[in-house]
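> What shape does this take:
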Amino acid sequence: MSRRLTFWPALALLLAAPFVGYALAYMGGALGPNADGALPPPPALIEKAVIAEPVPVGSFQLTDNRGARFDAGAFEGKWSFVLFGYTQCPDVCPLTLSHLADIREAMAASIPASELPQFVFISVDPARDRPEDLNGYVTYFNPAFRAATGGVAEIDRLVDRIGAFYRHERKRSDGEYEVTHSAEIFVFDPEARHFATLHPPFDPKKIVDRFRALAAHFAATGATRS
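Okay, the predicted model is just below:
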């Protein structure tokens, strides 16, 4: 019997009280695979967010805001909400990180601390964002937030793998520049796979509900695939 078959359904019941009926029906066979073995679609709440075939994040190596190695292993065994950006971003990054702080606070009110997702900010501007700069930046929004950056080739491995985007714009006369980048929240499941993408606006209550649904869907589809 696989580890996911015993552990993740239990986690889903804890996280997803509004979706218990969905998860139990799915695992009990009422919503199980079709005759051709295909799984039914996710519930309407998350159907536009879920990746049809979750994508493993693959191999890459960055450095986190505390100077430690940050690779695919950092995403294993826990849910992760991932944002790409840079510390000198004038609007999208500080606004989204502020929303993520509110989302984490909303989650903490009903989800045990050990089961909260981690929140990770990946800088796509390594020339200006050193690990120590990232540490001060993300912990301003929440002390638990994590950040990472590294060589351009390593960043691109992760960005390309999950379909994110960034582009360094032309430098101005003062030598400064802006970076155009994805504004979505990329959700990685505990198997270090890109499992869903959440698009703005980011209403805390709605995001918490969607996270519960994602956890239930992950547990149910994992059980039927094991």
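> Tell me where this structure has strands.
50-56, 61-64, 69-71, 80-85, 118-123, 146-149, 166-168, 179-181, 185-188, 193-198 (DSSP state E).
> give me the number of residues near R167?
By the measure other CB atoms under 10 Å, the count of residues near R167 is 9. In this view, the C-beta of every residue, glycine as well, is placed from N, C-alpha and C.
> which residues does it bridge with?
On the basis of DSSP bridges, R167 is bridged to T180.
> Return the most buried member of the strands of the chain.
strand 146-149 (a mean of 26; mean count of other CB atoms under 10 Å).
> In contact with H168, which residues?
Going by CB atoms under 8 Å, 6 or more residues apart in numbering, H168 touches D125, Y177, V179.
> Dump those into JSON lines; add distance to A216 and pLDDT as well.
Shown next, in JSON lines, are those (distance: CB to CB, whole Å; pLDDT from 0 to 100):
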{"residue": "D125", "distance to A216": "36", "pLDDT": "98"}
{"residue": "Y177", "distance to A216": "43", "pLDDT": "97"}
{"residue": "V179", "distance to A216": "36", "pLDDT": "98"}
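> Can you tell me which of the residues you listed is nearest E191?
Nearest to E191 among the contacts of H168 is D125, at 29.0 Å by CB to CB.
> low-confidence ranges in the chain?
Applying pLDDT under 70 to the chain picks out residues 1-41, 222-226.
> Relative to its centre, which residue of it is most distant?
For the chain, the largest distance from the centre (CA atoms, centre = their mean) belongs to S173, which lies 36.6 Å off.
> For it, what are phi and psi?
Main-chain dihedrals, S173, degrees, to the nearest 10: phi -60, psi -30.
> For it, give its distance to T87.
For S173, the distance to T87 equals 22 Å [CB to CB, to the nearest Å].
> And R69, by the same measure?
For R69 relative to T87 (CB to CB), the value is 21 Å.
> Quick one: closest of the strands of the chain to D156.
Nearest to D156, of the strands of the chain and by CB to CB, is strand 166-168 at 9.0 Å.
> Can you give the distance of that closest one from its chain's centre?
20 Å (CA atoms, centre = their mean, to the nearest Å).
> likewise stretch 104-117?
With CA atoms, centre = their mean, you get 15 Å for stretch 104-117.
> Let me see the residues that make contact with that stretch.
11, 14-15, 78-81, 119, 142, 144, 187, 204-205, 207-208, 211.
> For the buried ones among those, write the corresponding ChimeraX selection.
Buried residues within the contacts of stretch 104-117, by 16 or more other CB atoms under 10 Å, are selected in ChimeraX with:
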select :11,15,79,80,81,119,142,187,204,207,208,211
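> need the contact list for A196.
Applying CB under 8 Å, 6+ apart, the residues near A196 are I46, A49, V50, I51, F186, V187, R210, L214.
> quick revisit: tell me which of the contacts of H168 is nearest to V152?
For the contacts of H168, the nearest to V152 is D125 (9.8 Å; CB to CB).
> what sits against the closest one?
Here D125 is in contact with Y86, T87, Q88, T149, H168, V179 (criterion: CB under 8 Å, 6+ apart).
> Can you give me the distance of the last one to R128?
From V179 across to R128, the span is 9 Å (CB to CB).
> quick revisit: in a markdown table, list the contacts of A196 along with distance to E105.
A markdown table is the format used below for the contacts of A196 (distance: CB to CB, whole Å):
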| residue | distance to E105 |
| --- | --- |
| I46 | 22 |
| A49 | 21 |
| V50 | 25 |
| I51 | 27 |
| F186 | 21 |
| V187 | 18 |
| R210 | 16 |
| L214 | 19 |
